[in-house]
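Participant: requesting a structural model of the entry that follows:
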Amino acid sequence: MRSFEYYTPTKVIFGKDTHLKTGALLKEKNYKKVLIHYGGNSAVSSGLLDEIKSSLEDAGVSYITLGGVVPNPRLSKVREGIELCRKENVDFLLAVGGGSVIDSCKAIGYGVANPWTDVWNFFLKTETPKACLPIGTVLTIAASGSEMSNSCVITNEDGWLKRGSVKSDLCRPVFAILNPRLTYTLPQYQTESGCVDILMHTMERYFVNIETMEITDSISEALMQTVIYNARILMKDPGNYNARAEVMWAGSLSHNGLTGCGTAGGDWACHQLEHELGGLYDVAHGAGLAALWGSWARYVYKENPERFAQFATNLFDVPWSADIEKTALAGIEAMEEFFRSVEMPTNLRELGLNLSDEQIHELAFRCSFEDTRTIGVFKQLNMKDMEKIYLAAR
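Facilitator: Sure thing, here's the model as predicted:
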């Protein structure tokens, strides 16, 4: 078992109507000028943005707003936010939305606090941030876990490169307001895509090729079972508060480091493979992960079939047999069957992509950083391996 460090400084305020406490939280810390960062029309039409503004006004906290964040958030919006914050002397960033808005806020925070370099360098990993503006979140989508994580992902329209930042505790939000009712307006596809994202944040840490802690495995397995159970409930009853609450809290726990304790960081190959799909084709992140996972799993499981067999038995009650590989494959099939049950894709065609051999090669070329890096730790994948997984997912 590996040694580890666990740090999760974000204050969580969970429950109904908790978003109305936003102004008081900011006043308590004596912040003077806040940028409210949000996405599209939903935050406006639902009345949420007005409620947040009223909360800040009642607390005597000054604010400006910047909307327009899109899924797979763009570098151009980040740069717009950096310029606005510098002009208005903003000292706090408030993300009202899901992972895309939070990630955009984190990138803005890096850009404002590190004027000595261009913010994109933190995503190219050629520079390391020295500071970040403080960030708070009012979460409206249970998915990314960015409300408690130490990372963010941004898409650069110049080349449509989707890249993750340097991991740093500097960007961990000061607080996260989690009101499950704020997720009621989500389309079903986005709700279930979010559930897959939560599962994948856990599985990326679960599928490692080293000895792990039994307690960490048990936490991960229980978290995944909870998400699977409640994702199925939400297919039939999208207004079920308890199911949305379970999924929302699972999303935060899946990506705040808890399920990675003793796993040496995790694999993350599926996320790297999906980033190229998101960058080039702007697909929903969770759906992209679902479309790729089965092909990745079948490509790598023989490296440690016992790990996949444990997954199969503990999550899906697949009987443990003398044929470990048979048990492992049954677990992979069970997860794909779950994806289908919540109308998530299990290949690229179902994701809406009919890719040529040339396009598949381009994905692998980009994912391997032009054949200069490998990804994954369960099985280390080079460019040829990546291409084979994309082909298998086609």
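Participant: got a list of what V101 touches?
Facilitator: Residues in contact with V101 (CB atoms under 8 Å, 6 or more residues apart in numbering) are 37-39, 69, 73, 95. Heads up, the C-betas are built off the backbone N, CA and C, glycines and all.
Participant: what are the contacting residues of stretch 211-220?
Facilitator: 1-2, 202, 205-206, 258-263, 310, 314.
Participant: which among these gets closest to Y63?
Facilitator: Among the contacts of stretch 211-220, L258 lies closest to Y63 (CB to CB), at 32.5 Å.
Participant: burial of the closest one, as a residue count?
Facilitator: By the criterion of other CB atoms under 10 Å, L258 has 18 neighbours.
Participant: shouldn't it be in contact with Y6?
Facilitator: Yes. Assessed by CB atoms under 8 Å, L258 is found in contact with Y6 at 7.1 Å.
Participant: identify the residues contacting the one helix or strand T137 maps to?
Facilitator: If you go by DSSP states H and E, T137 is part of strand 135-139. By CB under 8 Å, 6+ apart, the list of residues contacting strand 135-139 from outside reads 19, 22, 25-26, 48, 52, 92-98, 102, 105-106, 109, 146-147, 171, 173-179, 182, 248.
Participant: please apply the same query to stretch 242-249.
Facilitator: Stretch 242-249 has contacts (CB under 8 Å, 6+ apart) with 14, 139, 142, 178, 180-181, 183-184, 194-195, 198, 226-227, 230-231, 233-234, 237.
Participant: in strands only, show me those residues.
Facilitator: Residues from those lying in strands, with DSSP state E as the criterion: 14, 139, 178.
Participant: highest neighbour count among those residues?
Facilitator: Neighbour counts for these were taken using other CB under 10 Å; the highest belongs to L139, with 33 neighbours.
Participant: circling back to that earlier point, if any of the contacts of stretch 242-249 are buried, put those into a PyMOL selection.
Facilitator: Buried members of the contacts of stretch 242-249, defined by 16 or more other CB atoms under 10 Å, are picked up in PyMOL with:
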select buried, resi 139+142+178+180+181+183+194+195+198+226+227+230+231+234
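Participant: starting at the chain centroid, how far to the longest helix along the chain?
Facilitator: The residue-count maximum for a helix in the chain (DSSP state H) belongs to helix 214-236. Centroid separation for helix 214-236 versus its chain: 16 Å, with CA atoms, centre = their mean, to the nearest Å.
Participant: one more: stretch 76-95?
Facilitator: Taking CA atoms, centre = their mean, one finds stretch 76-95 lying 22 Å from the centre of the chain it belongs to.
Participant: repeat that for stretch 375-390.
Facilitator: In terms of CA atoms, centre = their mean, the centre of stretch 375-390 is found 21 Å from the chain centre.
Participant: contacts made by it with the rest, please.
Facilitator: Stretch 375-390 has contacts (CB under 8 Å, 6+ apart) with 207-209, 264-269, 272-273, 292, 295-296, 299-300, 303-304, 307, 348, 355, 360-361, 363-365, 367-368, 371, 374.
Participant: same thing but at 6 Å, please
Facilitator: With contacts defined as CB atoms under 6 Å, 6 or more residues apart in numbering, stretch 375-390 is touched by 207, 209, 267, 269, 272, 295-296, 299-300, 303, 360, 363-364, 367-368, 371, 374.
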